[in-house]
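1. give the three-dimensional model of this entry:
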Amino acid sequence: MTADGHHLAIYNFGLHVGPEGDPRVDGFVSREPANFEAASRASGFIGRSGYSGAPGPHSWGIQVFPRFIEGSGFDSAPSSLSLWRDIESLMAFSYNGVHADALKHGRNWNIKPSWPPLVLWWVDERHVPEWSEGVERLEYLHDNGASARAFTFKEPFAASGEAYAIDRERIRRIAEDNAKGQADLLAHVRTLKV
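-> Numbers count the residues shown, from 1 in each chain. Purely as a prediction, here's the structure:
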C-alpha cells in the first residue's frame, strides 16, 4: 500500500547491555554503518535523522529519549528515526538482509525491553518528524496500545486511519529486489563478530 501524500515514520529505542566502548556491544557498533547503507539502498526509503555532532545526515531536531531510559544509568541510548514510503517497504528492509542479521543478534547487545521497541505513524509527506515526536508516539503506544496515532507491524493502520492488512507477497518481492543491491553488505556483516 502506498499512501498518497503520506510517509510512514518509524522511531525505535533500546538500551544496550553496556556503555559505549563495552566489548559486549561491539557487534552492534560494527554493523551500524552497513545497516544505514542498506537502508539507503532499500526500496521505499525516504530518509533518516542523523545524530548531532556525528558525520552523516543532519539531526531532525534535538535528540531526546523516552522515559524508559530513566534509572538505566545511561544518558543516551540506541535509537533511530526514519521515513519510508509504506509499511511493506519498511518490513522488507527490517526483516531481511543486513538488518535481519542485526535483529538476529540483538539479544546479545540489548536488554529485553518492557516497552514497545518501535512505533510507526503516518505523516504528511511534507513533514519531517523530530526526535521528540518519535518519543511522544512511543510513550503513547506503550500507555494506550496500538491505534492510528501510534502502531506496530503486528497491529498496522493505513494513513486513512483504518486497520490495515499487510501485503506479504509484496514484502517478498521488495525483499528480493533489495537483496540484489545489498549482497556486498550482507557478505560483510556476516564476517563481523557478534
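2. which residue is the nearest non-sequential neighbour of Ala3?
-> Leaving aside its sequence neighbours, Ala3 sits nearest to Ala159 (C-beta to C-beta, 6 or more residues apart in numbering; 3.6 Å). All C-beta atoms are positioned from the backbone trio N, CA, C, and that covers glycine.
3. and Ser40, that's in a strand?
-> No - secondary structure of Ser40 (DSSP: H, G, I helix; E, B strand; the rest coil): helix, not part of a strand.
4. gap between it and Leu141?
-> Note on Ser40: its distance to Leu141, by C-beta to C-beta, to the nearest Å, is 27 Å.
5. when these two are compared, which one has more neighbours?
-> It is Leu141, of Ser40 and Leu141, that has more neighbours when counted by other C-beta atoms under 10 Å, with 23 against 11.
6. pretty sure the more buried one sits in a strand.
-> No - Leu141 is assigned helix when assessed by three-state DSSP, not a strand.
7. residues touching it, list them.
-> With contact set as C-beta atoms under 8 Å, 6 or more residues apart in numbering, Leu141 has these partners: Pro116, Val119, Ala150, Phe151, Thr152.
8. now do 10 Å
-> If you count contacts by C-beta atoms under 10 Å, 6 or more residues apart in numbering, Leu141 has them with 11, 115-116, 118-121, 147, 149-152, 155.
9. buried set for the strand or helix carrying Ser30?
-> Counting by DSSP states H and E, the element that carries Ser30 is helix 26-41. Across helix 26-41, burial judged by 16 or more other C-beta atoms under 10 Å covers Gly27, Phe28, Arg31, Ala34, Asn35, Phe36, Ala38, Ala39, Arg41.
10. as JSON lines, the residues you listed with pLDDT and distance to Asn110 would be great.
-> Below are the buried residues of helix 26-41 laid out as JSON lines (pLDDT from 0 to 100; distance: C-beta to C-beta, whole Å):
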{"residue": "Gly27", "pLDDT": "97", "distance to Asn110": "11"}
{"residue": "Phe28", "pLDDT": "97", "distance to Asn110": "8"}
{"residue": "Arg31", "pLDDT": "97", "distance to Asn110": "13"}
{"residue": "Ala34", "pLDDT": "97", "distance to Asn110": "18"}
{"residue": "Asn35", "pLDDT": "97", "distance to Asn110": "14"}
{"residue": "Phe36", "pLDDT": "97", "distance to Asn110": "18"}
{"residue": "Ala38", "pLDDT": "98", "distance to Asn110": "19"}
{"residue": "Ala39", "pLDDT": "98", "distance to Asn110": "19"}
{"residue": "Arg41", "pLDDT": "98", "distance to Asn110": "25"}
